[in-house]
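Undergrad: sequence below, structure please.
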Amino acid sequence: LAEFIAKSNLLNLTDIHPAYKTMNLLEYDAATVGNHEFNYGIDFLMKSLTGADFPVVNANIYVDDHNNMEEDDLHFFNPYVILPQSIRTEEGKEETLNVGVIGLLTPIAAEWDKEYFKGNLIIKNMSETAAELVPKMKKEGADLIIALVHAGLQSDGALKEKQGNNVVDVSMVEGIDVLLFGHSHGLFPKNGEKNTDVINHQAGTINGKPTVQAGFWGNHLGIIDLTLEKRAGEWKITASKSQAKPIIRIINDKKVPVVSPYQPIEYLMKPYHEQTLEYIKSLKE
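TA: Below you'll find the model as predicted:
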């Protein structure tokens, strides 16, 4: 589907990329980019992003200005966003919770799609970038900071600079409260996995911070429930529950859905699905 959309003329005909059509329909609040967003070039990516009805953030991708001075480097995306969310306390009082969302991408993406990155964009260290920006988010009023991290628990194997470029290291950045991560196609928390000093699968935390990774290809839904308490004017997480909830079960070696299809999505995606099948057929011929 991704290849078909990229090679077709659909986006030049004022259509919206079906990935963002579905995310708009599901009312996403914010998102970040992963390495695959760059597979078909920067121009195609930016054209696709115009169809998103929600902010797409990334903090550690910068414009390559071809000098060695970091102080004048410019972010390619908005690095973060602060979303005011209306909540109701147990006492029934209406409160506004300012949720900060920051995005981070593993620097290996610049190697994998170097024909697009080289001379155009650079990717800096994830943890160092977050450590620089999180205090700014706090000063701008963020009560809770969620890091959307496109990286694994460990740094990518071919990455030269491994320190600071994985989820465990990002979780150590002071001020980050919650982590949602993907990229390594795993599950977190995962039943049966042993805990370490910093990773707790039973609690669903890394360095004490609620964390989730929802598998791959939509096979799980990542859910984090938080209990918040306002102390001296500041919101604190007092309890949390993280889970990667499957949308299918394997029964007698067969995949059995545990959720019902969402008909608006089926209706929306049907023509793209059929066109993609025709595209595959044409490749085989």
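Undergrad: can I get the top helix by length along the chain in PDB, CA atoms only?
TA: Of all the segments of type helix in the chain, defined by DSSP state H, the longest one is helix 263-284. Extracted C-alpha coordinates of helix 263-284, given in PDB (Å, rounded to 0.1, in the frame of the first residue of the first chain):
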ATOM      1  CA  GLN A 263     -16.800  -0.100   9.500                       C
ATOM      2  CA  PRO A 264     -15.900   3.600   8.700                       C
ATOM      3  CA  ILE A 265     -12.300   2.500   8.300                       C
ATOM      4  CA  GLU A 266     -13.300  -0.500   6.100                       C
ATOM      5  CA  TYR A 267     -15.300   1.800   4.000                       C
ATOM      6  CA  LEU A 268     -12.600   4.400   3.800                       C
ATOM      7  CA  MET A 269      -9.800   1.900   2.900                       C
ATOM      8  CA  LYS A 270     -11.700  -0.400   0.500                       C
ATOM      9  CA  PRO A 271     -10.800   1.500  -2.700                       C
ATOM     10  CA  TYR A 272      -7.100   1.800  -1.700                       C
ATOM     11  CA  HIS A 273      -7.100  -1.900  -0.800                       C
ATOM     12  CA  GLU A 274      -8.500  -2.800  -4.200                       C
ATOM     13  CA  GLN A 275      -6.100  -0.500  -6.100                       C
ATOM     14  CA  THR A 276      -3.200  -1.900  -4.200                       C
ATOM     15  CA  LEU A 277      -4.200  -5.500  -5.100                       C
ATOM     16  CA  GLU A 278      -4.300  -4.400  -8.800                       C
ATOM     17  CA  TYR A 279      -0.900  -2.800  -8.400                       C
ATOM     18  CA  ILE A 280       0.500  -6.000  -7.000                       C
ATOM     19  CA  LYS A 281      -1.100  -7.900  -9.800                       C
ATOM     20  CA  SER A 282       0.500  -5.600 -12.400                       C
ATOM     21  CA  LEU A 283       4.000  -6.200 -10.900                       C
ATOM     22  CA  LYS A 284       3.600 -10.000 -11.200                       C
END
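Undergrad: find the nearest non-adjacent residue to P246, please.
TA: Among residues not flanking P246 along the chain, H220 sits closest, at 5.3 Å (C-beta to C-beta, 6 or more residues apart in numbering). The way it works is simple: take the backbone N, C-alpha and C, and place the C-beta from them, glycine included.
Undergrad: same deal with T129?
TA: In space, not counting the residues next to it along the chain, T129 is nearest to N60; the distance is 4.1 Å by C-beta to C-beta, 6+ apart.
Undergrad: and the pLDDT for that neighbour?
TA: Per-residue confidence for N60 comes out at a pLDDT of 98.
Undergrad: count the residues that sit near it.
TA: A count of neighbours around N60, defined by other C-beta atoms under 10 Å, yields 26.
Undergrad: again with V167
TA: If we define neighbours as other C-beta under 10 Å, then V167 has 30 of them.
Undergrad: can you pull the buried residues of the longest helix of the chain?
TA: Of the residues in helix 263-284, those buried under the neighbour-count criterion (16 or more other C-beta atoms under 10 Å) are 268-269, 272, 275-276.
Undergrad: from those residues, which is closest to V168?
TA: M269 (35.8 Å; C-beta to C-beta).
Undergrad: isn't that closest one up against P18?
TA: Yes. Under the criterion of C-beta atoms under 8 Å, M269 is in contact with P18, at a separation of 6.2 Å.
Undergrad: give me the distance between E132 and M69.
TA: From E132 across to M69, the span is 16 Å (C-beta to C-beta, to the nearest Å).
Undergrad: look at those two and report which has more neighbours.
TA: E132 (15 against 7).
Undergrad: show me where the stretch 51-200 of the chain has helices.
TA: Taking DSSP state H, counting those that start in this stretch to define them, one finds helices in the stretch 51-200 of the chain at 109-112, 114-117, 126-139, 167-171.
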